[in-house]
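Colleague: Here is my input, please return the structure:
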Amino acid sequence: MIKKLSAIILSVLFSSALTGVQIGDVAPSWKGNNLVDGTQVKFPEVLNEKPAVLVFWATWCPYCKAFMPYAGRIQADYAGQGVQIVTFNALERGKGDPKAYVDGLDFPLVAIAEADDIAKQYDVKFIPGLMVVDGEGSVIYRRGWTNLPAGSKVAEQWDGEVRAALDNLK
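Modeller: Coordinates of the predicted model:
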């Protein structure tokens, strides 16, 4: 009985790890309101056939706060190739002001408000959820779980991973 129960639990855990958007999948379509200018944004149209870094964030998330300056540098360094940063305010829990957070960032980005449904579509279970999509909307990078504490070390790691994915597109 215990062996059967263990087998069932392991199969559920393993199969749930493979659900959601994975590398090689075409990312699901969505539409949402941009916190920056109030316009409606649609995916994959927002790509304009160019790659994008997708960042799911919340105002309370220390990992997000650590990574956002790196996202700004990625945007600046890859802007010539048309790469943009598309962010999603998700799992907010009503504790912060997403518009003020976005206004405080010092780089151009798309910031989708109230994106919990999009996060569910993409099976984002922890934030920041980071993905890179190519110009056709296929996922070429998806951040994995980490046990590193929030701060520059983990943000630098993700920065390197995102840059490697973008560099592989060249």
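Colleague: From here on, just use CA atoms for contacts and neighbour counts.
Modeller: OK.
Colleague: And for residue 170, the neighbour number?
Modeller: 6 (other C-alpha atoms under 10 Å).
Colleague: from now on call the first residue 192
Modeller: Got it, first residue is 192 now, which makes that one residue 361.
Colleague: Quick check: it vs residue 354, distance?
Modeller: 11 Å (C-alpha to C-alpha, to the nearest Å).
Colleague: same deal with residue 278?
Modeller: 17 Å.
Colleague: again, but for residue 221
Modeller: Residue 221 is 25 Å from residue 354, by C-alpha to C-alpha.
Colleague: any idea where the strands of this structure begin and end?
Modeller: Secondary structure of the chain (DSSP state E): strands at 221-224, 231-234, 243-248, 275-280, 301-303, 320-324, 330-333.
Colleague: and the second one, how far out from the chain's middle?
Modeller: Using C-alpha atoms, centre = their mean, to the nearest Å, we find the averaged C-alpha position of strand 231-234 to lie 16 Å away from the chain's own average C-alpha position.
Colleague: Partner strands of that strand, with direction?
Modeller: Paired strands of strand 231-234, with direction, are strand 221-224 (antiparallel) (DSSP bridges).
Colleague: Which parts of the partner strand count as buried, going by neighbours?
Modeller: By neighbour count on 16 or more other C-alpha atoms under 10 Å, the buried set for strand 221-224 is 223, 224.
Colleague: Run through who's touching it.
Modeller: 230, 231, 232, 233, 234, 235, 302, 303, 304, 306, 309 (C-alpha atoms under 8 Å, 6 or more residues apart in numbering).
Colleague: So among the residues you listed, where is pLDDT lowest?
Modeller: Within the contacts of strand 221-224, pLDDT reaches its minimum at residue 304, with 92.
Colleague: Quick one: residues contacting it.
Modeller: 223, 224, 225, 226, 279, 280, 281, 289.
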